[in-house]
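Student: kindly return the folded structure for what I paste below:
(2 chains)
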Number of protein chains: 2
Amino acid sequence: MYDRLKGFRDFYPDEMSARRQVFDAVEDAAARYGFREIGTPTLERTQMYVDKSGEEIVDELYAFEDKGGREVSMTPELTPTVARMVVAKQQALSKPIKWVSSRPFWRFEQVQQGRFREFYQTNVDIFGSSEPEADAEILAFAADALTSLGLTADDFEFRVSHRDILGGLLDSFDADVDSREAIRAVDKRAKVEDEEYLGLLSDAGLSYDQARRFDDLIVGGDLDEISEFGGDDVTDAVENLRAVLSAAEDFGAREYCDLSLTTARGLDYYTGVVFECFDSTGDVSRAAFGGGRYDDLIEEFGGQPTPAVGVALGDATLQLLCQRAGVWPEEELQTDYYVLSVGDTRSVASRVARDLRERGNVVESDVADRSFGAQMNYADSINAETVVIVGEQDLANGEVTVKDMESGDQTTAPVEEFPGDADRPTYDDFAE
Amino acid sequence: MYDRLKGFRDFYPDEMSARRQVFDAVEDAAARYGFREIGTPTLERTQMYVDKSGEEIVDELYAFEDKGGREVSMTPELTPTVARMVVAKQQALSKPIKWVSSRPFWRFEQVQQGRFREFYQTNVDIFGSSEPEADAEILAFAADALTSLGLTADDFEFRVSHRDILGGLLDSFDADVDSREAIRAVDKRAKVEDEEYLGLLSDAGLSYDQARRFDDLIVGGDLDEISEFGGDDVTDAVENLRAVLSAAEDFGAREYCDLSLTTARGLDYYTGVVFECFDSTGDVSRAAFGGGRYDDLIEEFGGQPTPAVGVALGDATLQLLCQRAGVWPEEELQTDYYVLSVGDTRSVASRVARDLRERGNVVESDVADRSFGAQMNYADSINAETVVIVGEQDLANGEVTVKDMESGDQTTAPVEEFPGDADRPTYDDFAE
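Tutor: You can find the predicted model right below:
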């Protein structure tokens, strides 16, 4: 007996059907905005990730040398791959480029609740627009995806910020500040005691008073005050952030957005508006997912300067969010019909099953030569809604039996008229 | 600029939309038979493949040692994984177990037409029935999948055989025959000259006359004659093959099946009926896909004896088959609406776009602050069926313009009544 690898998951049909409903809802939302599906490879050259994230990333990768001597990695994220694809066909692609894809990714990391070594993401990106409407469309898509799952403004919030506000404010202090370190401190703000947090800011170069002032500004979130305090960078960032929120208002997503200047999300990589989705109740403490603008990546990958904004929804945290809100789909099989054949009736039963399938129904029938009782138990185990019993005696009378599995009621129907013209005939159509 | 790895493919939206239609059709066909989707890991322990296929398989695998010191491989096929999953939950799963999944697999092999290092398969399997109806249901599903793509009995055929017929016939000769070698010769029959083929059979231990007789029997395909010539194994195999074809008749798949006893498909692994799907015209010389019965695997994997039968449809050969028959879907984007906003009309244009999306339509709108002409060109590039123009002047009159992109005809509609109650209003709904 073989074991499954740690951090990898098998999904059996019950769980998979719930996951599929969720993936489909997210992908349908993307499709309605005109995001187009792409297909991407599972392996890329390791160098691509080293160039983007530094040599230390290799420790987290499933990286190896292939049989042709190439250093390759199982993709830990989609962004470098889509950047490569945009660069490869930059001239041919009409802008804006709007892409979506859902697939697994891999990171060799500590396995814990909501974190696996193999995880699934739906990535949605727009390339070729620096306008606030592009950022807002990403927010609007994400909001539509979540509301189509049954989540409401009571369940989730997008904490929205702009990467230049934190950095710009830090630059405005008369101090020699290590911005990266200070921003890392902000990232930890919610997780550590006040004193430790202020200590970290002080380590980064701010005096105690400066640290307090800085924290008051970002927590207060008064954009006018911030704009006034900061330099031109901050003023521009505030203006852009306001423009994105205004577009989000028109696009129907503003109600889900909270200004949150302490949202620091991987600032090395992002260049503009950033956001993270949180459980509004606070029960799920980690961000469910996040995204933002990354205008420099395509150029760094050797392409023409191309602004970009995107979001990636991960399967595990999205599941936690849905379960917390009580909207995770039922994990159970659904079956429209079981066609039960007893005695020498296979050809008629098969004809009935085929006709029902042609109408788009999910139909199972006996493939194991089993007794009436065993077939009935099986029909029950797959949650068949209706069982059509094709028995020798009934057939001699030109009839089949139609049984509603929930109520247990059954009636007969003329075999020649079953399923007839109805797409999905049930007990009610034949009961007197 | 980074390059894609050899044998791996990027799918841009045009091509991906065609592929998605094909995958969806195949998966829908499986769903209608009650095959349930499962999700499976990308990595498994290398030992699992070595045990099933021998040490030499490692040369074909993307195999490596992970950072935890485990010998792992990117899955080259699904069957060992599903066998592992069946064994892991054997008691809990109600039989028959009917599973489907579509995903990529990897083999490090020579890249050629229709063969890549990363390829996609839809695997469909039934565990827990040794009855001919199970084999026939696999054939019926495969036939439904292909006909739902627009293929007909003129385009494809299933060449059906039984693994015990070849081996059993060979055993019936008064000779010391190496069955594996002889069956390998049969596998090469279509590819080599007659003389070479008979030479290979002779190398395997048959005399010239025996080889001729053997070949006459399997090419002639007279099941009565074969049954009489062979021993009990052959008689049983012939009976089972006939029973499967009879069930296939009831299940509506018989017309696609040809008896073909020279079909030798990896006999080491299969235990009963085997089949391969071929292009009927012979233009695509390789089998598009194949499947069969493998009753011993679950037990070999440490489970209770559990009969099994399945099929795996690969993306590349399926595409060749569809393209040969002229039914490969158009590789182009489809868009229901482009909502064009000119001047200060974003809030109304956004409301219109949202309303159209809520009705399930694919709707794009401006996210790049572009001119009328640039937006119109973009709408054209995404094959928008209808463009809704929201302009300042029209709006002042309480109207929007509805333009049919194929004819170029346009008319106005009252903005308050657009889209109104219609799910998908077009030019025709408003033209006088």
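Student: what about the strands in the stretch 251-400 of chain A?
Tutor: A:257-259, A:273-279, A:289-293, A:308-314, A:335-342, A:363-365, A:384-391, A:399-404 (DSSP state E, counting those that start in this stretch).
Student: need those in CSV (columns: distance to chain B).
Tutor: In short, each C-beta sits where N, CA and C put it, glycine included. Output for the strands of the stretch 251-400 of chain A, formatted as CSV (distance: least, CB to the nearest CB, whole Å):
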stretch, distance to chain B
strand A:257-259, 15
strand A:273-279, 13
strand A:289-293, 12
strand A:308-314, 9
strand A:335-342, 6
strand A:363-365, 4
strand A:384-391, 9
strand A:399-404, 16
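Student: low-confidence ranges in chain A?
Tutor: Low-confidence segments of chain A, defined by pLDDT under 70: A:265-268.
Student: could you break it into its assigned domains?
Tutor: If you go by automatic domain parsing, the domain ranges for chain A are A:13-40+A:75-325, A:335-430.
Student: among those domains, which comes closest to residue B:310?
Tutor: Closest to residue B:310 of the domains of chain A is domain A:335-430 (CB to CB; 12.6 Å).
Student: and that closest one, end to end?
Tutor: 20 Å (CA to CA, to the nearest Å).
Student: also stretch A:264-283?
Tutor: Stretch A:264-283 end-to-end distance (CA to CA) = 21 Å.
Student: do the same with stretch A:118-136
Tutor: Taking CA to CA, the first and last residues of stretch A:118-136 lie 30 Å apart.
Student: spatially central residue in chain A, please.
Tutor: residue A:313 (3.0 Å; CA atoms, centre = their mean).
Student: need the contact list for that one.
Tutor: Counting by CB atoms under 8 Å, 6 or more residues apart in numbering or on different chains, residue A:313 touches A:26, A:121-122, A:124, A:142, A:145, A:288-289.
Student: same list (the strands of the stretch 251-400 of chain A) but as a markdown table, adding distance to residue B:232.
Tutor: Converted to a markdown table, these look like this (distance: least, CB to CB, whole Å):
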| stretch | distance to residue B:232 |
| --- | --- |
| strand A:257-259 | 75 |
| strand A:273-279 | 66 |
| strand A:289-293 | 62 |
| strand A:308-314 | 57 |
| strand A:335-342 | 30 |
| strand A:363-365 | 31 |
| strand A:384-391 | 35 |
| strand A:399-404 | 40 |
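Student: out of those, which comes closest to residue A:227?
Tutor: Nearest to residue A:227, of all the strands of the stretch 251-400 of chain A, is strand A:257-259, at 12.9 Å by CB to CB.
Student: returning to what we had before: which strand residues bridge the residue nearest to the centre of chain A?
Tutor: For residue A:313, the beta-bridge partners are residue A:122, residue A:289 (DSSP bridges).
Student: how deep is the residue nearest to residue A:164 when sequence neighbours are not counted tucked in, by neighbour count?
Tutor: Once flanking residues are discounted, residue A:164 sits nearest to residue A:237: 3.7 Å by CB to CB, 6 or more residues apart in numbering or on different chains. Residue A:237: 25 surrounding residues under other CB atoms under 10 Å in any protein chain shown.
Student: ok, which of the domains of chain A comes nearest residue B:208?
Tutor: Closest among the domains of chain A, using CB to CB: domain A:335-430, at 44.4 Å.
Student: could you measure from the residue lying closest to residue A:246 once chain neighbours are set aside over to residue A:230?
Tutor: Excluding the flanking residues, the one nearest residue A:246 by CB to CB, 6+ apart is residue A:132, at 7.3 Å. According to CB to CB, to the nearest Å, residue A:132 stands 19 Å off from residue A:230.
Student: right, so of the strands of the stretch 251-400 of chain A, which gets closest to residue A:53?
Tutor: strand A:308-314 (15.2 Å).
Student: next, the angle from that closest one to strand A:273-279.
Tutor: 20 degrees (axes from the mean of the first three to the mean of the last three CA atoms, to 10 degrees).
Student: so how far is strand A:308-314 off the chain centroid?
Tutor: 9 Å (CA atoms, centre = their mean, to the nearest Å).
Student: also stretch A:19-37?
Tutor: Distance of stretch A:19-37 from the chain centroid (CA atoms, centre = their mean) equals 9 Å.
Student: show me which residues of that stretch are buried.
Tutor: Neighbour counts over stretch A:19-37 (16 or more other CB atoms under 10 Å in any protein chain shown) mark A:19-20, A:22-23, A:25-27, A:29-37 as buried.
Student: which two among these are spaced furthest apart?
Tutor: A:19 and A:34 (24.8 Å).
Student: which one of the contacts of residue A:313 sits in the busiest neighbourhood?
Tutor: Highest count within the contacts of residue A:313 by other CB under 10 Å belongs to residue A:124, 28 neighbours.
Student: that one belongs to a strand?
Tutor: Yes. Under DSSP: H, G, I helix; E, B strand; the rest coil, residue A:124 sits within a strand.
Student: the closest residue to it other than its chain neighbours: which element?
Tutor: Spatial nearest neighbour of residue A:124, chain neighbours left out: residue A:100 (4.9 Å); criterion: CB to CB, 6+ apart. Element membership of residue A:100 [criterion: DSSP states H and E] is strand A:97-106.
Student: strand partners (parallel or antiparallel) of that strand?
Tutor: Applying DSSP bridges, one finds strand A:97-106 paired with strand A:36-37 (parallel), strand A:118-127 (antiparallel).
Student: any idea how far the longest one is from the chain center?
Tutor: Between the centre of strand A:118-127 and the centre of its chain there are 7 Å (CA atoms, centre = their mean).
Student: now do that strand against strand A:289-293, angle only.
Tutor: Orientation check (the same axes, to 10 degrees): strand A:118-127 against strand A:289-293 gives 30 degrees.
Student: beyond strand A:118-127, next helix or strand please.
Tutor: By DSSP H and E, the next helix or strand past strand A:118-127 is helix A:132-148.
Student: so what secondary structure elements neighbour the helix or strand that that following helix is followed by?
Tutor: Using DSSP H and E, the helix or strand that follows helix A:132-148 towards the C-terminus is strand A:156-162. Under the contact criterion of 3 or more CB pairs under 8 Å, 6 or more residues apart in numbering or on different chains; DSSP states H and E, strand A:156-162 touches helix A:132-148, helix A:232-250, strand A:257-259, strand A:273-279.
Student: distance to residue A:375 added to those, as JSON lines?
Tutor: Output for those, formatted as JSON lines (distance: least, CB to CB, whole Å):
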{"stretch": "helix A:132-148", "distance to residue A:375": "37"}
{"stretch": "helix A:232-250", "distance to residue A:375": "55"}
{"stretch": "strand A:257-259", "distance to residue A:375": "54"}
{"stretch": "strand A:273-279", "distance to residue A:375": "45"}
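Student: ok, the residue nearest to residue A:246 to residue A:394 distance?
Tutor: Taken as CB to CB, the span from residue A:132 to residue A:394 is 67 Å.
Student: compare the two (neighbour count), which wins?
Tutor: A count of neighbours by other CB under 10 Å puts residue A:132 above the other of residue A:132 and residue A:394, at 24 against 19.
Student: surely that one is in contact with residue A:249?
Tutor: No. Between residue A:132 and residue A:249 there is no contact under CB atoms under 8 Å: 11.0 Å.
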